[in-house]
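Peer 1: one predicted model, sequence on top.
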Amino acid sequence: MHCLLCKESIPLKSNLGVVEELTRLLAPFVDRAPLCCPRPGCSNGAVSAPNPAAYYRFGKTEGGSARYRCRTCKKTFSEPLRATLRQREPRKNVPVLTSLMNKMPLTRITEAHGISPQTVYDKLDFFAKQAEAFAAKHERRLPEVVRGTKRYLAIDRQEYAVNWTHRKDRRNVVIRALGTADLETGFVYGMHINFDGSLSADTVEADAASCGDYTAAAPFRRYARLWLRPDYTKAVADSATRVAKRIRSGLTLEEDILKTYQEAEIRGDVESPEMVGAHQRFPATGMQVHAEYTMYAHFYYLHGLLSSAEKLRFYMDQESGIRAACLAAFEDEIRDRRADAFFVRLGKELSVDAKRKVIRRSKDAFAAECDANPELDEHQVKVLMMKRELAAAATIGKWSDRWAAHPFPNQAEPEKAVCYLTDFGDLDEDHKARLHLKASLHAIDRFFMSVRRRLNMLERPVATSSKAGRTWYGYSAYQPENIGKLLTVFRAYYNYCLAGRDGMTPAMRLGLTSAPISPSELLGQ
């Protein structure tokens with residue numbers, strides 16, 4: 001779509017695709033199906049038990065679960081009393097979970113706990129279901145918990161490598177995740193990957209071919225959110241052009257920001273950040289989702305949880321797709337001035353010594369400013385210095401975004417620039433400066449760092465041998481769905497179990513729980 005007023009081209013997205021992806025992300029919040037007669041065609045198939053008019057009580061199972069008999073078809077059925085009812089060694093669940101959350105390799109887990117590799121994967125599946133249910137139970141309360149509060153949110157992306165499984169095809173699968181964390185509490189509201197393990201690629205591809213998706217424009221496809229086979233060749237060619245122009249080393253922060261805009265400009269779809277190399281492939285099971293659809297669904301997911309807050313401030317990695325998704329999902333809140341969005345760009349090329357010099361210069365400048373303005377307290381001096389940077393903001397990129405340097409670096413973010421994306425000109429300069437001072441990606445980057453350091457399958461890959469990008473990563477996952485399960489478990493473990501130096505977990509700081517949750521509680525044991 002092309003705007004005749006500003007001459008900007010706007011990529012179209014499939015509403016159906018966004019809704020399908022959002023439905024996938026919201027699945028944990030859907031109430032479990034009621035216990036009904038399981039026989040197909042029975043008139044009690046939609047009548048939940050217990051119900052004396054529809055079912056007899058029929059004793060209990062050996063495990064202690066209540067058993068029922070249908071009055072209509074005489075079918076007997078029961079509901080498990082405990083989640084671990086069919087497990088042979090449930091006592092090993094907590095030790096195995098603790099090992100997984102503390103970077104123990106799978107082979108060491110099997111050795112340490114005397115279980116098979118398949119049992120580890122079975123337990124991971126169980127952990128993911130329990131953690132998902134536990135988190136959903138508590139996070140249903142988020143709209144009430146955040147009502148009337150001000151939430152400052154950090155949003156960024158992380159990539160994970162999936163190992164090849166056949167020597168004849170040594171290409172890797174790359175899974176991308178988008179996460180959002182609360183700057184004040186550290187609570188991670190969502191961590192979503194662009195992969196749907198519930199789908200059969202063969203079934204979808206056959207249906208896509210028969211309904212004309214292979215020849216239809218992307219937004220008008222039945223399966224618009226999914227990567228289809230014909231997309232691959234075109235994506236490799238497009239990515240090759242982008243890679244040739246992607247030179248990053250040795251750039252200043254301002255040059256890096258400009259380069260990011262230029263890379264977005266040459267994309268076929270400015271909102272799609274994915275680069276598909278010839279050394280990559282699609283998953284053997286399940287289907288990969290176009291990253292921009294996961295981005296849109298992620299922000300609509302956040303909208304359902306957080307739109308009751310008095311104010312929302314989004315501090316996002318510089319990515320056009322993230323901006324578009326945020327502005328679409330929170331359009332009403334932004335128009336009503338209850339929400340604002342900012343790009344945050346960090347310099348990542350500095351050595352440790354260079355970081356120390358930058359921080360030392362910042363501290364010296366702050367001390368000098370305090371001496372020059374004795375009538376101001378420290379926060380007021382910071383606001384004054386930020387206002388000065390805003391006045392000197394540089395216009396960068398095709399869209400004329402104005403970027404201001406952040407005057408207070410730290411070891412984690414030694415170089416930082418901020419762009420106010422939703423500046424309506426309605427805030428006074430002090431208020432605007434305070435919002436820029438809060439700009440940070442630290443909360444979500446800290447979670448990402450914990451993922452790398454604590455989850456063996458998701459550690460940062462180190463290429464020890466490579467040929468045209470085809471690399472074997474020693475501990476990486478072999479199935480993309482295991483990445484999703486690990487992230488589901490770890491997000492719950494991080495939010496509810498891991499206490500910081502203040503003795504509080506992110507969930508406690510947010511007000512969702514009153515004490516740290518033990519691993520056994522997380523698993524419902």
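Peer 2: Alright, I've got the coordinates.

Peer 1: Gln380: how many residues sit nearby?
Peer 2: Gln380 has 13 neighbours, counted by other C-beta atoms under 10 Å. For the C-beta atoms, the positions are set from N, CA and C on the backbone; glycine is no exception.

Peer 1: and the helix or strand harbouring Arg108, what's its mean pLDDT?
Peer 2: Using DSSP states H and E, Arg108 maps to helix 106-113. Confidence for helix 106-113, expressed as mean pLDDT, is 93.

Peer 1: chain center to that helix, what's the gap?
Peer 2: 29 Å (C-alpha atoms, centre = their mean, to the nearest Å).

Peer 1: over to stretch 445-457?
Peer 2: 13 Å.

Peer 1: about what we covered before: list the buried ones in the helix holding Arg108?
Peer 2: Buried residues in helix 106-113, counted by 16 or more other C-beta atoms under 10 Å: Leu106, Ile109, Thr110, His113.

Peer 1: now stretch 491-511
Peer 2: 491-498, 504-510.

Peer 1: out of the residues you listed, flag the one nearest to Pro519.
Peer 2: Cys497 (6.3 Å; C-beta to C-beta).

Peer 1: quick check: pLDDT value at the closest one.
Peer 2: 98.

Peer 1: is it true that it touches Thr513?
Peer 2: No. Contact criterion C-beta atoms under 8 Å: Cys497 and Thr513 do not qualify, at 10.1 Å.

Peer 1: joint contacts of those two?
Peer 2: Common contacts of Cys497 and Thr513 (C-beta atoms under 8 Å, 6 or more residues apart in numbering): Thr505.

Peer 1: helix, strand or coil for Phe408?
Peer 2: coil (DSSP: H, G, I helix; E, B strand; the rest coil).

Peer 1: run a quick neighbour tally on it.
Peer 2: 15.

Peer 1: ok, now the one 5 residues further on?
Peer 2: For Glu413, the neighbour count with other C-beta under 10 Å is 19.

Peer 1: repeat that for His379.
Peer 2: If we define neighbours as other C-beta under 10 Å, then His379 has 10 of them.

Peer 1: where does it fall, secondary structure wise?
Peer 2: helix 378-391.

Peer 1: one more: Arg67?
Peer 2: Per DSSP H and E: strand 66-70 holds Arg67.

Peer 1: show me which residues of that strand are buried.
Peer 2: Buried-residue list, strand 66-70, by 16+ other C-beta under 10 Å: Arg67, Tyr68, Arg69, Cys70.

Peer 1: JSON lines please, covering these and showing pLDDT.
Peer 2: Formatted as JSON lines, the buried residues of strand 66-70 follow (pLDDT from 0 to 100):
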{"residue": "Arg67", "pLDDT": "90"}
{"residue": "Tyr68", "pLDDT": "93"}
{"residue": "Arg69", "pLDDT": "94"}
{"residue": "Cys70", "pLDDT": "95"}
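
Peer 1: looking at the residues you listed, which is nearest Met457?
Peer 2: Arg67 (40.1 Å).

Peer 1: tell me how far the closest one lies from Lys74.
Peer 2: Arg67 sits 13 Å away from Lys74, going by C-beta to C-beta, to the nearest Å.

Peer 1: put the alpha carbons of the longest helix seen in the chain into PDB.
Peer 2: When the chain is parsed with DSSP state H, its longest helix is helix 117-139. Provided in PDB are the C-alpha atoms of helix 117-139 (Å, rounded to 0.1, in the frame of the first residue of the first chain):
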ATOM      1  CA  PRO A 117      17.400 -39.400  27.300                       C
ATOM      2  CA  GLN A 118      13.800 -40.000  26.300                       C
ATOM      3  CA  THR A 119      12.700 -39.700  29.900                       C
ATOM      4  CA  VAL A 120      14.500 -36.300  30.100                       C
ATOM      5  CA  TYR A 121      12.500 -35.100  27.000                       C
ATOM      6  CA  ASP A 122       9.300 -36.500  28.500                       C
ATOM      7  CA  LYS A 123       9.900 -34.700  31.700                       C
ATOM      8  CA  LEU A 124      10.700 -31.500  29.800                       C
ATOM      9  CA  ASP A 125       7.300 -31.800  28.100                       C
ATOM     10  CA  PHE A 126       5.700 -32.300  31.500                       C
ATOM     11  CA  PHE A 127       7.600 -29.300  33.000                       C
ATOM     12  CA  ALA A 128       6.500 -27.100  30.200                       C
ATOM     13  CA  LYS A 129       2.800 -28.000  30.600                       C
ATOM     14  CA  GLN A 130       3.000 -27.400  34.400                       C
ATOM     15  CA  ALA A 131       5.000 -24.200  34.200                       C
ATOM     16  CA  GLU A 132       2.600 -22.900  31.500                       C
ATOM     17  CA  ALA A 133      -0.400 -23.700  33.600                       C
ATOM     18  CA  PHE A 134       1.200 -22.200  36.700                       C
ATOM     19  CA  ALA A 135       2.100 -19.000  34.900                       C
ATOM     20  CA  ALA A 136      -1.300 -18.600  33.300                       C
ATOM     21  CA  LYS A 137      -3.100 -19.100  36.600                       C
ATOM     22  CA  HIS A 138      -1.200 -16.100  38.100                       C
ATOM     23  CA  GLU A 139      -0.900 -13.900  35.000                       C
END
